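Engineer: got a predicted structure plus its sequence, pasted below:
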Amino acid sequence: MTKDHNDPFYTISFEEESVIYKVGDESPCMYAILQGRVSLYKETASGEIQIKSIGPGNYLGAVSYLGEIPRRYKAVASQFTKLQQLFEDNIETYIKQNSQSVVVLLDDLSNRLAAADKSLGQIGGMTKCAEEDESCVETELDQIEVKVEEELVKHNIPDVNPLNHPIYPEGHKHYNMGLTPGHEEILFDKNVTCPVCDKDFTLYQMRISHLKLVEVRRDMRKIFDGVDEIWYNVWTCPHCKYSNFHYDFLRMRSINREKLLEEMPGRLVDFKLPETQKTSFNEVFDSYYLAMACKKIVGASAYEMGRLWLHIAWMYHDCGDEEMFDVAYENARANYAKGWFSERVQLSAEGEQKLAILISEMHLHFGHLEDARKFVFEAINIKKGTKALAELARDRLAEIKEQIQIKKKEERAVVQESVKEDE
Ligand SMILES: [Zn+2]
């Protein structure tokens, strides 16, 4: 646990598996989850059970804090997690900045909590059916907690686009997770002339040289300290709304320009464009889905679509939406695989190696062991690639073969078991 006392936002970080609070602890504050994931555990007669796992945009410990009761669950960071602590002295400012209407909700909540508290007190005197009633109050507390969280999330969202806008896929949500405060220090502004509408505008770009690489994930994602290079990857023209990856932005054929000028306005009625300087994941998602809308109008290669979906998938993962992560990851996989068979000529040998390893990893995520093996095998066989990537591919192949063996063993065991049952 690390705490920065100079931080006006009272943020606090927890390493993976560290306990945020235990059952029965005092409740001096509640928390807004900024980054990571928290698992909540309940104590039962038969041991500890996990009741839920929550991510950015959610609140933690609201009911116990507002009800002035001890913590009812144990909260554990299931990955590196950053929280904003909301105490008596900063919660008001926080709420004011986020929404006035939360105050009304909180008033209502404290009344209901007081009522629940009262009935809990009565139970003490009624020994007969105490157990039953206590669980009833527990359930009510749970319901209040769900309601508080839903309302807080709803009111906390700044001016964002409606989720039923056709630009979003089904299941997309609001991701009111702030980008790291201070990240703007590594931005620089750049003047650009839009290749579609010919108008000038200024935008921000990230100084890649200022990023500190922390790790490269199995699917080739580069993780940097505190910031992510993909946040500012897409540029959007504020005049005609044309959006594209910054490295492709200036390349636009004249035939496509006309198509975009004609079709984009109609597709983006009532759609608020992301600010030049982004503050939350909502805006990053918006920039990516704008780029996707443009690609759909002018037509794009499978690789380009694959890359868009892959970055979108990573962002869903960062926001803790694993369901949407799977949707986007599968779209990325399908597009990259299509590109592999039809557009491979565009790549360098190293690019081919990376792509084959990436597709293999995506198959692995979905449990397609045979396909994962095939693609990693392709990576091994690419001539003129780098030694390091060939080595990596060989390691992966060994790993996948082992998984295939384990799966076969398990399947044989199941078959033998069912044969036994038949006898
Ligand atoms: Zn433009």
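Structural biologist: Okay, I see it.
Engineer: domain-wise, how is this protein divided?
Structural biologist: Recorded structural domains for the chain (assignment: automatic domain parsing) are 2-156, 183-419.
Engineer: poorly predicted segments of the stretch 251-400 of the chain, please.
Structural biologist: Within the stretch 251-400 of the chain, the ranges that satisfy pLDDT under 70 run 345.
Engineer: please enumerate the helices of it.
Structural biologist: Under the criterion DSSP state H, counting those that start in this stretch, helices of the stretch 251-400 of the chain are mapped to 254-267, 281-298, 302-318, 322-342, 349-365, 369-380, 387-422.
Engineer: mind checking the ones you listed for the one nearest to the ion?
Structural biologist: Ranking the helices of the stretch 251-400 of the chain by their distance to the ion (criterion: C-beta to the ion) puts helix 254-267 first, at 8.4 Å. In this view, the C-beta of every residue, glycine as well, is placed from N, C-alpha and C.
Engineer: tell me the angle of the closest one relative to helix 281-298?
Structural biologist: Note on geometry: by axes from the mean of the first three to the mean of the last three C-alpha atoms, to 10 degrees, helix 254-267 and helix 281-298 are set 130 degrees apart in direction.
Engineer: begin at 16 from here
Structural biologist: With 16 as the first residue, the last one maps to helix 269-282.
Engineer: quick one, strands of the stretch 66-215 of the chain?
Structural biologist: Secondary structure of the stretch 66-215 of the chain (DSSP state E, counting those that start in this stretch): strands located at 74-75, 89-92, 96-101, 202-208, 215-221.
Engineer: could you measure from the spatially most central residue of the chain over to the ion?
Structural biologist: The central residue of the chain, meaning the one whose C-alpha is nearest the mean C-alpha position (C-alpha atoms, centre = their mean), is residue 334 at 2.1 Å. In this view, residue 334 and the ion are 29 Å apart by C-beta to the ion, to the nearest Å.
Engineer: wait, what's in contact with the residue lying closest to that residue once chain neighbours are set aside?
Structural biologist: On the basis of C-beta to C-beta, 6 or more residues apart in numbering, the spatially nearest residue to residue 334 that is not a chain neighbour turns out to be residue 190, at 4.3 Å. Residues in contact with residue 190 (C-beta atoms under 8 Å, 6 or more residues apart in numbering) are 71-72, 295-297, 300, 330, 334, 336.
Engineer: again, only using 10 Å
Structural biologist: The contact partners of residue 190, taken as C-beta atoms under 10 Å, 6 or more residues apart in numbering, are 70-72, 172, 175, 295-300, 330-331, 333-336, 339.
Engineer: narrow those to those that are buried.
Structural biologist: Using 16 or more other C-beta atoms under 10 Å as the burial test, the contacts of residue 190 include 70-72, 172, 175, 295-300, 330-331, 333-336, 339 as buried.
Engineer: quick one, helices of the stretch 16-165 of the chain?
Structural biologist: Counting by DSSP H, counting those that start in this stretch, residue ranges of the helices within the stretch 16-165 of the chain are 77-81, 103-113, 116-140, 145-171.
Engineer: helices or strands up against the shortest one?
Structural biologist: Spelled out, it's helix 77-81. The helices and strands touching helix 77-81, judged by 3 or more C-beta pairs under 10 Å, 6 or more residues apart in numbering; DSSP states H and E, are strand 45-50, helix 103-113, helix 116-140, helix 145-171.
Engineer: which residues of the stretch 116-265 of the chain score low on pLDDT?
Structural biologist: If you take pLDDT under 70 as the line, the stretch 116-265 of the chain has these spans: 116-154, 162-174.
Engineer: what does it put close to the ion?
Structural biologist: 209, 211-212, 252, 254-255, 257 (C-beta under 5 Å from the ion).
Engineer: and these, which are buried?
Structural biologist: Burial by neighbour count, judged by 16+ other C-beta under 10 Å, picks out 209, 211-212, 252, 255, 257 from those.
Engineer: now stretch 74-90: how far from the chain's centre is it?
Structural biologist: Taking C-alpha atoms, centre = their mean, to the nearest Å, one finds stretch 74-90 lying 25 Å from the centre of the chain it belongs to.
Engineer: ends of it, what's the gap?
Structural biologist: For stretch 74-90, the separation between the terminal residues is 12 Å (C-alpha to C-alpha, to the nearest Å).
Engineer: cool, and stretch 192-210?
Structural biologist: Taking C-alpha to C-alpha, the span from the opening residue of stretch 192-210 to its closing residue is 32 Å.
Engineer: that stretch: which residues count as buried?
Structural biologist: For stretch 192-210, a neighbour-count test (16+ other C-beta under 10 Å) marks 192-194, 198, 201-202, 207, 209-210 as buried.
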